[in-house]
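> Whatever this is, show me its structure:
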Amino acid sequence: MFKKNTWILYVCLILSVGFSFASRVSSLDSFAVVELFTSEGCSSCPPADELIAKIQKEYKNRPVYILAYHVDYWDRLGWKDRFSDVKFSRRQHQYAHWLNLSSVYTPQIVVNGKQEFVGSDEKILRNSLENALSKTSSSHLQISFKKHTADNIILSYNTNEQTKGENLVIALVKPYAKNKINSGENQGRTLNHVQIVTYLESYNIGDKMVGDVNLESPNIKTDYDIIAYLQNTLTGRITSATKISL
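Down below sits the predicted model:
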């Protein structure tokens, strides 16, 4: 009887340790933030737009957050991209600084703020995604609605760790659009876009683990997503990410 009871206790101990380990592992997050810099005026960009659309479908049940920024420096070369914004061009130049690049280009993809490559390179993108999703981070970010009206959103955020030199970046994302191009390098083509960033703001939250941020953006649609992430202001590296749907 003693041996049997000892064996039961031994098994229970192993199970307890195993469940404890599994709990710790499940509390760690893996994620991939994919930022594409693109333009309707760039003839090399449609393959990159098509690639992220394919990736979005394949990874729809995994923590892959896709952001397509339409830069504005192509607008003077024959076609004005209606989704372009100087903010997105400035963001790309910031990445050039963070990643020690001599210039910017389209299409360009940056993953988790630390790896960049040509946006239409499917092999590198897939390898980068699997590498990012195989790693875990102890940093965790959550967002929720505190107020939501037609032209104003207040978000509440909370993190499990004090931020150290990180900003909270918030992007409002339009899921899909199609546009006929009448001039420029893509003249005569109808281009399909996914995950189009229509609003981008970076908030200095200091060391506040809990707080609110205010988004003031016109034409907020109910089918949009909000993608949020924490990004180091010195290196550009993204430490956690999440999203919420409107």
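
> which SSE is residue 97 in?
Element membership for residue 97, per DSSP states H and E: helix 86-98.

> Using neighbour counts, pick out the buried residues of that helix.
87, 88, 89, 91, 92, 95, 96, 98 (16 or more other C-beta atoms under 10 Å). Every C-beta, even on glycine, is put in place using the N, C-alpha and C of the backbone.

> if I read this right, the fourth one contacts residue 200, doesn't it?
So the one you mean is residue 91. Yes: the criterion here is C-beta atoms under 8 Å, and residue 91 meets it with residue 200 at 7.0 Å.

> re earlier: now, which of the buried residues of helix 86-98 sits nearest residue 191?
Using C-beta to C-beta, residue 88 comes nearest to residue 191 of the buried residues of helix 86-98, at 16.8 Å.

> Reformat the buried residues of helix 86-98 as CSV; add distance to residue 40 and pLDDT.
Output for those, formatted as CSV (distance: C-beta to C-beta, whole Å; pLDDT from 0 to 100):
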residue, distance to residue 40, pLDDT
87, 17, 97
88, 13, 98
89, 14, 98
91, 18, 98
92, 16, 98
95, 21, 98
96, 22, 98
98, 26, 98
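
> re earlier: could you tell me which residues touch both of residue 91 and residue 200?
residue 69 (C-beta atoms under 8 Å, 6 or more residues apart in numbering).

> still on that earlier bit, closest one to residue 174 out of the buried residues of helix 86-98, please.
residue 88 (13.5 Å).

> which residue packs closest to that closest one, ignoring adjacent ones?
Closest residue to residue 88 apart from its sequence neighbours, by C-beta to C-beta, 6 or more residues apart in numbering: residue 69 at 3.7 Å.

> One more: residue 187?
residue 181 (5.9 Å).

> got the contact list for the one you found?
40, 79, 187, 188, 189, 190, 191.

> swap the cut-off to 7 Å and go again
40, 79, 187, 188, 189, 191 (C-beta atoms under 7 Å, 6 or more residues apart in numbering).

> Using CSV, write out every CA atom in the helix or strand encompassing residue 198.
For residue 198, the host element (DSSP H and E) is strand 190-203. Extracted in CSV, the C-alpha atoms of strand 190-203 (Å, rounded to 0.1, in the frame of the first residue of the first chain):
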residue,chain,number,x,y,z
THR,A,190,-7.1,47.8,-61.1
LEU,A,191,-5.3,47.3,-57.9
ASN,A,192,-6.5,45.5,-54.8
HIS,A,193,-5.3,46.5,-51.4
VAL,A,194,-5.6,44.9,-47.9
GLN,A,195,-4.9,46.2,-44.4
ILE,A,196,-4.6,49.8,-45.4
VAL,A,197,-3.5,52.1,-42.6
THR,A,198,-5.7,55.2,-42.6
TYR,A,199,-4.6,56.6,-39.2
LEU,A,200,-1.4,56.3,-37.3
GLU,A,201,-0.4,57.8,-34.0
SER,A,202,2.4,57.2,-31.6
TYR,A,203,1.9,57.9,-27.9
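
> what's next to it, contact-wise?
With C-beta under 7 Å, 6+ apart as the criterion, strand 190-203 contacts 40, 46, 49, 52-53, 56, 66-70, 83, 87-88, 167-181, 213, 215, 217.

> Good, wrapping up.
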